[in-house]
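Engineer: my questions are about this predicted structure, shown below with the sequence.
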Amino acid sequence: MATTIQVSDTTKQMLDLLKEKKQMRTHDKLIQNLIEEEVAVPKSMFGALKGKKLKWTKEDRFGFNEL
């Protein structure tokens with residue numbers, strides 16, 4: 001599902017320059033790349049907690065919606 005975000009003209013120009021420099025095809029890919037570099041989360045977290053015994057609370061589940 002696509003979402004529209006609003007950025008200033010200056011930010012758009014900087015994103016365009018960085019997109020070209022990093023040879024990204026879309027702004028979405030560029031932003032994902034920047035986030036991955038900053039957060040350093042593996043592309044696939046599937047199965048990362050397999051075998052761990054975790055108790056999830058209602059607050060934990062609702063907290064994930066507020067990223």
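Structural biologist: Received it, and whenever you're ready, just let me know what you need. Residues are numbered from 1 along each chain as shown.
Engineer: show me where this protein has helices.
Structural biologist: Assigned by DSSP state H, the chain shows helices spanning 9-21, 27-39, 58-63.
Engineer: what's the neighbour count on residue 30?
Structural biologist: The tally of other residues near residue 30 (other CB atoms under 10 Å) stands at 19. (Each C-beta comes from the backbone N, C-alpha and C, glycine too.)
Engineer: of all the helices of the chain, which one is nearest residue 3?
Structural biologist: helix 27-39 (9.9 Å; CB to CB).
Engineer: give me the contact list for the closest one.
Structural biologist: With CB atoms under 8 Å, 6 or more residues apart in numbering as the test, helix 27-39 has contacts from 15, 18, 19, 22, 24, 43.
Engineer: hmm, 7 Å instead?
Structural biologist: 15, 18, 19, 22, 24 (CB atoms under 7 Å, 6 or more residues apart in numbering).
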